[in-house]
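Trainee: predicted model and sequence follow; I will ask about them next.
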Amino acid sequence: MFLIKMSKEWKYILYERDENVATITLNRPKALNALNTALLAELRAALEEAEADVEVRAIVITGAGEKAFCAGADIVELLEKSSIEASEWSRWVQAITTDMEKMRKPIIAKINGFCLGGGLEFAMACDFRIASEKAIFGQPEINLAIIPGSGGTQRLTRLIGKTKAMEMLMCGEHINAEEAFRLTLVNKVVPPDKLDGEVNELIKKLLSKSPVTLGIIKDAVNRGIEMNLEHALYYEAECFGSALATEDAREGLKAFLEKRKYEFKGK
Ligand code: CAA
């Protein structure tokens with residue numbers, strides 16, 4: 001098979017495109033991949049690059065080194081911010097996470113270690129979270145007498161419910177990967193040496209589907225969850241119409257009736 005492998009150099013992230021998959025690695029391992037402003041700006045640019053690249057059909061976000069996916073916002077930087085600067089920074093970071101949800105391509109968080117504070121907030125903005133058994137999760141901001149500022153109070157509550165979200169946010173304790181799975185914070189937990197394989201299996205499944213229809217599902221779920229049921233169902237019907245009008249849907253429906261394997265073109 002003809003392999004297209006591209007990589008681009010940034011200071012705080014690694015960006016690699018291998019055929020249809022872009023992998024973005026948060027790359028400040030000495031600071032446990034903490035999110036400083038420069039890293040966040042590069043992450044945003046890398047996400048934009050992956051979104052614009054028509055060859056990219058799935059995006060993986062992970063952390064460099066053995067120890068961390070990401071230990072949260074850079075605490076050194078936070079100490080320097082005034083109240084107004086902190087609110088502006090929070091809105092800017094929130095916009096990056098919201099854009100991740102608006103992107104039509106599936107995004108997978110490959111969680112190899114500590115996934116704390118802003119790290120968990122970024123993971124929660126992804127569509128899938130696959131974790132190593134070694135991963136540790138938490139919203140420890142309360143221990144710094146601050147609160148999450150990248151969507152944590154909202155996305156955690158939506159993902160795991162108010163009871164456990166309140167406990168994680170107010171007690172600030174770490175939970176292990178098994179507990180994160182029990183809370184449905186992550187899709188799957190695997191031994192560290194199986195993490196790459198598990199993510200690759202998921203990517204294989206996603207690449208076998210119609211990319212345009214995957215995008216429609218992502219949009220319907222992420223927009224619909226913020227609407228009341230009546231409006232969300234109306235929106236679903238609109239999305240259903242869009243999906244049915246695609247060439248891939250014609251192909252999928254015909255292939256079923258003709259008892260053959262489908263061949264999607266992403267149109
Ligand atoms: N910001 C900046 N530096 C960080 C960091 C962070 N969030 N987390 C870790 N580091 C740095 C440490 O200061 C340390 O640097 P030095 O070697 O220069 O001393 C290095 O990374 C390694 O960390 P530790 O020595 O602390 O490693 P450990 O194994 O003993 O502990 C840990 C690991 C439990 C993850 C611990 O580092 C920790 O608790 N980190 C902070 C986690 C946290 O509170 N995150 C929330 C940040 S606020 C936030 O994210 C707000 C938001 O929502 C936007």
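Mentor: Perfect, thanks for sending it.
Trainee: what does the protein have sitting close to the ligand?
Mentor: Those residues of the chain that sit near the ligand, judged by C-beta under 6 Å from any ligand atom, are 31-32, 34, 71-76, 114, 116-118, 121, 140-141, 144, 148-150, 152. For the C-beta atoms, the positions are set from N, CA and C on the backbone; glycine is no exception.
Trainee: out of the residues you listed, which are buried?
Mentor: Among those, those buried by neighbour count (16 or more other C-beta atoms under 10 Å) are 31-32, 34, 71-74, 114, 116-118, 121, 140-141, 148-150, 152.
Trainee: what about the residues of the chain next to the ligand, which are in helices?
Mentor: Counting by DSSP state H, the residues of the chain next to the ligand place 75-76, 118, 121, 152 in helices.
Trainee: got CSV for those, with pLDDT too?
Mentor: Converted to CSV, those look like this (pLDDT from 0 to 100):
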residue, pLDDT
I75, 97
V76, 97
G118, 98
E121, 98
G152, 98
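Trainee: quickly check those for the two that are furthest apart.
Mentor: V76 and G152 (19.7 Å; C-beta to C-beta).
Trainee: ok, back up a step: among the ones in helices among the residues of the chain next to the ligand, which one lies nearest to K204?
Mentor: Nearest member of those to K204, counting by C-beta to C-beta, is E121, at 28.0 Å.
Trainee: pretty sure that closest one contacts I96?
Mentor: No: counting by C-beta atoms under 8 Å, E121 stays clear of I96, with 10.1 Å between them.
Trainee: quick check: longest helix of the protein.
Mentor: Max-length helix for the chain by DSSP H is helix 83-102.
Trainee: which residues does it contact?
Mentor: 35, 37, 40, 43-44, 47, 73, 78, 81, 107, 118, 121-122, 124-126, 149-151, 155, 218-219, 222 (C-beta atoms under 8 Å, 6 or more residues apart in numbering).
Trainee: what is the mean pLDDT for that helix?
Mentor: Mean per-residue pLDDT for helix 83-102: 98.
Trainee: now swap in stretch 9-20 and tell me
Mentor: Averaged across stretch 9-20, the pLDDT comes to 94.
Trainee: go on, stretch 171-184?
Mentor: 98.
Trainee: tell me the buried residues in that stretch?
Mentor: 172, 175, 177, 179-181, 183.
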